[in-house]
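Novice: sequence and predicted model, in that order:
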Amino acid sequence: MRTAYSVETVRAAEGELMARLPEGALMQRAAAGLAAACARLLIRRRGRVYGARIVLLVGPGDNGGDALYAGARLARRGAGVTAVPMDPARMHAGGLAALRAAGGRVEEAVPARADLVLDGLLGIGGKGGLRPAAAALAERLPHGAPVVAVDLPSGVDADTGEVAGPAVTAEVTVAFGAYKPGLLIDPGATLAGALHLVDIGLSLDAPDVEVLQHADVARLLPVPAPSSDKYRRGVVGVVAGSAQYPGAAVLAVAGALRGGAGAVRYVGPAAAADAVLARFPETLIGRGRVQAWVVGPGLGDGRAGEVAELLAQDVPVLVDADGLRGLDAGALRDRSAPTLLTPHAGEAAALLGTDRRAVESGRLAAVRQLAELYGAAALLKGSTTLVAAGGGPVRVNPTGTGWLATAGSGDVLSGLAGALLAAGLSAADAGAVGAYLHGLAGRRAASGAPMTAQEIAQALPEAWRDVRRG
Ligand SMILES: NC(=O)C1=CN([C@@H]2O[C@H](COP(=O)(O)OP(=O)(O)OC[C@H]3O[C@@H](n4cnc5c(N)ncnc54)[C@H](OP(=O)(O)O)[C@@H]3O)[C@@H](O)[C@H]2O)[C@@H](O)CC1
Ligand SMILES: Nc1ncnc2c1ncn2[C@@H]1O[C@H](COP(=O)(O)OP(=O)(O)O)[C@@H](O)[C@H]1O
Ligand SMILES: [K+]
């Protein structure tokens, strides 16, 4: 499991540790780890550190200090290091002295050529969008040089991943003590590139954000026991599709059949039921007992009554797409069985009474609000799928890919996550495991070329095997 901690938590842990260590010790640990990561990158790219041209973008705070001390270490290994300050009058004094002592230079303009750039403009002390002096440096990077972000790409909000205006795009981000949520959530995650963590000795407990990995997902997968039968494995009921959108029913059932439940029951108009049976003769048709319902994909208008009726039952319910329209927050909060809502940004905006852009730029806050307002687990789809429930850490899905943005892909996910719910996973686990498998299947089905939603469903068994192999 990869975890991330808010700035407030990291600052508190740093404060505690700093009080017990000699002054500057933490920054030396950070700079040593940073310099080692830079050296590895230079050796990979050009065989050695000696003779490399390194540019340090230096902000006024400790983030700039880290860059200066790391630059000094690299200069001692024979690199030519040039520091470019955001404000020449405000640079970390100790770091600057160390760089000069190691033979580094300070210049006002960013050199046109470099083998490596260290972005030490802003770290966790950055507030709001980059101010003009910082933005000017971030926008004038030497062409083609890889960028290593110090703790955080400057311009990314550490707690949310929001980016207001210009920001640095890094090849690698070297984070100190802990990952920050903004490194894991888009748009920040995309700008951060590959992540590398330097242990500086912080002790941290409950994370704000967590990212499941293969081993975590493997532990949660519902694998049949010798004594299993189809009912014990769980029956998932799918209420989806309409005369206008029969395909949504087929795709939701396709996802559900690969989600680990023992049987899939379909409830919907005859035309959609015929389409489902033609494709999946193993589907049970018509109402009956289920261990979880999936309701919403392709329902069309005028079926809110059916949604309310399912929500009145004391079984887990996943609500997606058209099912999300006009949900009654009070009724949801009163439910005792688990509920999982799976909106995309537009649907989430409608549920929260805000606009789509606000959701997309502040995904973490939006998913937390959804979970709180509706008293349910919430899975916010899109670039970086997030799952929130009950005030616990928000789960960030690491397997997503833009190729998943294809019509019907969400229908497959709803069936899949619903089946996991029927198999007995909690709503948060069903959402997180569903998104994980869906992303893996999407990557496998696409492998660099467009794919269809049906192909995502078809690739799900391979995603399961992949996860179980570890
Ligand atoms: N604490 C520790 O133990 C350790 C911390 N470590 C390192 O310290 C980093 C945090 O350092 P930090 O607290 O000095 O803040 P930092 O990110 O350098 O920025 C603050 C400066 O930026 C300015 N500024 C703010 N927003 C701005 C904007 N939008 N655009 C432009 N300028 C802006 C702000 O200016 P002001 O608002 O004061 O005018 C202030 O001068 C952390 O990320 C890690 O790298 C490691 O060494 C490990 C040990
Ligand atoms: N940029 C993206 N990166 C990763 N995944 C994405 C992106 N855009 C969409 N997705 C995923 O694709 C699926 C689309 O679902 P949805 O919006 O419900 O579409 P549809 O209703 O057509 O099925 C979701 O799983 C979502 O997370
Ligand atoms: K930085």
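Specialist: Looks like it came in fine. Numbering: from 1, shown residues only. Ligands and ions are numbered 1, 2, ... in the order given.
Novice: use CA for all of it now, contacts and neighbours both
Specialist: OK.
Novice: who touches the residue in the stretch 151-300 of the chain positioned nearest to ligand 2 in this structure?
Specialist: Going by CA to the nearest ligand atom, ligand 2 is nearest to residue 297 of the stretch 151-300 of the chain, at 7.3 Å. Residue 297 makes contacts with 239, 240, 241, 248, 249, 252, 320, 321, 322, 323, 411, 414, as judged by CA atoms under 8 Å, 6 or more residues apart in numbering.
Novice: can I get these in JSON lines with secondary structure and neighbour count?
Specialist: As requested, the contacts of residue 297 are arranged in JSON lines below (DSSP: H, G, I helix; E, B strand; the rest coil; neighbours: other CA atoms under 10 Å):
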{"residue": "239", "secondary structure": "strand", "neighbour count": "29"}
{"residue": "240", "secondary structure": "coil", "neighbour count": "33"}
{"residue": "241", "secondary structure": "coil", "neighbour count": "31"}
{"residue": "248", "secondary structure": "helix", "neighbour count": "25"}
{"residue": "249", "secondary structure": "helix", "neighbour count": "30"}
{"residue": "252", "secondary structure": "helix", "neighbour count": "34"}
{"residue": "320", "secondary structure": "strand", "neighbour count": "27"}
{"residue": "321", "secondary structure": "helix", "neighbour count": "22"}
{"residue": "322", "secondary structure": "helix", "neighbour count": "22"}
{"residue": "323", "secondary structure": "helix", "neighbour count": "28"}
{"residue": "411", "secondary structure": "helix", "neighbour count": "30"}
{"residue": "414", "secondary structure": "helix", "neighbour count": "33"}
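Novice: format those as CSV; extra columns: pLDDT.
Specialist: Listed next are those as CSV, based on pLDDT from 0 to 100:
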residue, pLDDT
239, 98
240, 98
241, 97
248, 98
249, 98
252, 98
320, 98
321, 98
322, 97
323, 97
411, 98
414, 98
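Novice: ligand 2 next: which of these are close?
Specialist: Counting by CA under 6 Å from any ligand atom, residue 411 from those sit close to ligand 2.
Novice: could you export the contacts of residue 297 as a markdown table, including distance to ligand 3?
Specialist: Shown next, in a markdown table, are those (distance: CA to the ion, whole Å):
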| residue | distance to ligand 3 |
| --- | --- |
| 239 | 48 |
| 240 | 47 |
| 241 | 48 |
| 248 | 45 |
| 249 | 47 |
| 252 | 43 |
| 320 | 39 |
| 321 | 39 |
| 322 | 42 |
| 323 | 43 |
| 411 | 39 |
| 414 | 38 |
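Novice: for stretch 319-337, the distance to its chain's centre please.
Specialist: 25 Å (CA atoms, centre = their mean, to the nearest Å).
Novice: buried residues, it. List them.
Specialist: Applying a neighbour-count criterion of 16 or more other CA atoms under 10 Å, one finds 319, 320, 321, 322, 323, 324, 325, 327, 332, 335, 337 buried in stretch 319-337.
Novice: which single one of those residues is nearest to ligand 2?
Specialist: Nearest to ligand 2 out of those is residue 321 (CA to the nearest ligand atom; 6.5 Å).
Novice: who's in contact with that closest one?
Specialist: Applying CA under 8 Å, 6+ apart to residue 321 gives the contacts 296, 297, 298, 342, 343, 347.
Novice: what values do phi and psi take at the residue in the stretch 151-300 of the chain that ligand 1 sits nearest to?
Specialist: Across the stretch 151-300 of the chain, no residue is closer to ligand 1 than residue 151, which sits at 5.0 Å (CA to the nearest ligand atom). Main-chain dihedrals, residue 151, degrees, to the nearest 10: phi 70, psi -40.
Novice: give the contact list for it.
Specialist: Counting by CA under 8 Å, 6+ apart, residue 151 touches 63, 123, 124, 173, 174, 175, 176.
Novice: could you redo the last one with a cut-off of 6 Å?
Specialist: Going by CA atoms under 6 Å, 6 or more residues apart in numbering, residue 151 touches 123, 174, 175, 176.
Novice: up against ligand 1, what does this structure have?
Specialist: With the criterion set to CA under 6 Å from any ligand atom, the chain comes near ligand 1 through 14, 26-27, 30, 60-64, 66, 122-131, 134, 150-151, 176.
Novice: now the helices for the stretch 101-250 of the chain?
Specialist: Using DSSP state H, counting those that start in this stretch, the helices of the stretch 101-250 of the chain run over 132-138, 188-192, 214-220, 230-233, 246-257.
Novice: export the last one as CSV, just CAs?
Specialist: Presented in CSV, the C-alpha positions along helix 246-257 are these (Å, rounded to 0.1, in the frame of the first residue of the first chain):
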residue,chain,number,x,y,z
PRO,A,246,-30.0,-1.9,-24.4
GLY,A,247,-26.2,-1.9,-24.7
ALA,A,248,-25.7,-0.5,-21.2
ALA,A,249,-27.5,-3.6,-19.9
VAL,A,250,-25.2,-5.9,-21.8
LEU,A,251,-22.1,-4.1,-20.7
ALA,A,252,-23.1,-4.0,-17.0
VAL,A,253,-23.9,-7.7,-17.1
ALA,A,254,-20.5,-8.3,-18.9
GLY,A,255,-18.7,-6.6,-16.0
ALA,A,256,-20.8,-8.3,-13.4
LEU,A,257,-20.1,-11.8,-14.8
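Novice: what distance separates it from the centre of its chain?
Specialist: Taking CA atoms, centre = their mean, the mean C-alpha location of helix 246-257 is offset from the chain mean by 26 Å.
Novice: and the pLDDT for the residue of the stretch 151-300 of the chain closest to ligand 1?
Specialist: At residue 151, the pLDDT value in this model is 98.
Novice: ok, and the closest non-adjacent residue to it?
Specialist: In this structure, residue 151 finds its nearest non-sequential neighbour in residue 175, 4.0 Å apart by CA to CA, 6 or more residues apart in numbering.
Novice: my read: the one you found touches residue 199, true?
Specialist: No: Residue 175 is beyond contact range of residue 199, at 8.8 Å (criterion: CA atoms under 6 Å).
Novice: distance of the residue lying farthest from the centre of the chain from residue 123?
Specialist: Computed with CA atoms, centre = their mean, the residue of the chain farthest from its C-alpha average is residue 101, at 41.8 Å. Distance, residue 101 to residue 123, by CA to CA, to the nearest Å: 25 Å.
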